[in-house]
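[1] Sequence below, structure please.
(2 chains)
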Amino acid sequence: MRWEAIRVRLATWNVNSVKARLPRLLEWLAETEPDIVCLQEIKVAAALFPADEVGELGYRAAAHGDGRWNGVALLSRVGLEDVSLGFPGEPAYEGEPGELALIDEPGLRRPEARAIGANCGGIRVWSLYAPNGRTPDSAHYAYKLSWFAALRTALAAELDRQPQLAACGDFNVAPTDDDVWDPAVFIGSTHVTPPERQALADLRALGLRDVVPTPMKGPHPFTYWDYRAGMFAKNNGMRIDLVYATEAVAGRVRAAYVDREARKGKGPSDHAPVVVDLS
DNA sequence: ATGCCTTATTTCATAAGA
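    Next up is the predicted model:
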């Protein structure tokens, strides 16, 4: 008779191109053995997602892709049902006023591939890639806030019947000043503004808890370091990859950590995975 | 500091990232 508690290992990782990262991804899956994986910035059309390669490691895969930019996916070896590509009410980026794309294709804008949801092992799991926002005065920033507002509404509807839910991914917001290496550097920038942080607070107000991982180095559980200027070596990072879980899921957390090892070596993503073990 | 890297694509140049 088994006496061990059954564990589910959930992870989220912005891979910055699943094609460029495929060798590292496969190696990491084999070593880390997560049961559910949320991927962001796959940067391929869904049809080109390497489902066969991850399938050889025992994962079912669902992908939502645009091609060159964005793109999210879910991997699971504990079931993958009721897949949602995007969420109801998800806004499309309309561009800056006068952008040529609006003239070329009026009314043809569709939401970018930034959200995929599925039921995995009894948990409603979302892999999310929030818009960057670029600058606080840009249309992209307004889009970012409207995207979060729509996400909040969509998750609120699911939470009515889904006590076990985890919204994971690259939220492109640092929740507090402790989540950036130097708050002074970010004055006037996106990722730290009060409206963006309020968008996260609004999600938490739904009953979602921020599952803060253990940093494997230093006091801050950073998950992203710019490729440039030796930022990783200096540990000049940001915590923008988050796991927002209902109480029913957060109460099962036995461990959570940032896998800094995946940011090292040759050809890493600029983000590290967040790994969460649930009982 | 409109960038120090990395990615994909309409590639020997650009857009985007955060």
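
[2] in the stretch 151-279 of chain A, which spans are strands?
    For the stretch 151-279 of chain A, applying DSSP state E, counting those that start in this stretch gives strands covering A:165-170, A:208-210, A:241-246, A:253-258, A:274-278.

[3] Check which helices and strands the shortest one sits against.
    Just to be clear, that refers to strand A:208-210. strand A:241-246 (3 or more CB pairs under 8 Å, 6 or more residues apart in numbering; DSSP states H and E). For the C-beta atoms, the positions are set from N, CA and C on the backbone; glycine is no exception.

[4] could you dump the strand it packs on to CSV, C-alpha only?
    C-alpha atoms of strand A:241-246 as CSV (Å, rounded to 0.1, in the frame of the first residue of the first chain):
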residue,chain,number,x,y,z
ASP,A,241,6.3,35.4,-13.3
LEU,A,242,3.6,34.6,-10.8
VAL,A,243,1.4,31.8,-9.5
TYR,A,244,-2.0,33.1,-8.4
ALA,A,245,-3.9,30.3,-6.7
THR,A,246,-7.2,29.9,-4.9
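
[5] For that strand, give me every contacting residue.
    A:10, A:12-14, A:159, A:162-171, A:175, A:200, A:203-204, A:207-211, A:213, A:223-224, A:253, A:256, A:271-274, A:276 (CB atoms under 8 Å, 6 or more residues apart in numbering).

[6] can you count the residues close to A:T153?
    By the criterion of other CB atoms under 10 Å, A:T153 has 14 neighbours.

[7] swap in A:A166?
    There are 27 residues near A:A166, going by other CB under 10 Å.

[8] ok now the helix or strand hosting A:A61, how far from the chain's centre?
    Assigned by DSSP states H and E, A:A61 belongs to strand A:60-64. Offset of strand A:60-64 from its chain centre (CA atoms, centre = their mean, to the nearest Å): 14 Å.

[9] Then stretch A:27-35?
    Chain-centre distance of stretch A:27-35: 18 Å, with CA atoms, centre = their mean.

[10] next one: stretch A:110-120
    Centre-to-centre, stretch A:110-120 and its host chain are 11 Å apart (CA atoms, centre = their mean).

[11] State the pLDDT value of the residue in the stretch 1-150 of chain A positioned nearest to DNA strand B.
    Distance from DNA strand B to each residue of the stretch 1-150 of chain A (CB to the nearest atom of the strand) is smallest for A:S17, at 3.3 Å. Listed pLDDT for A:S17 reads 98.

[12] Can you get me a residue count around the residue nearest to it when sequence neighbours are not counted?
    Closest residue in space to A:S17, ignoring its immediate chain neighbours: A:K43 at 4.3 Å, by CB to CB, 6 or more residues apart in numbering. Using other CB under 10 Å, A:K43 is surrounded by 21 other residues.
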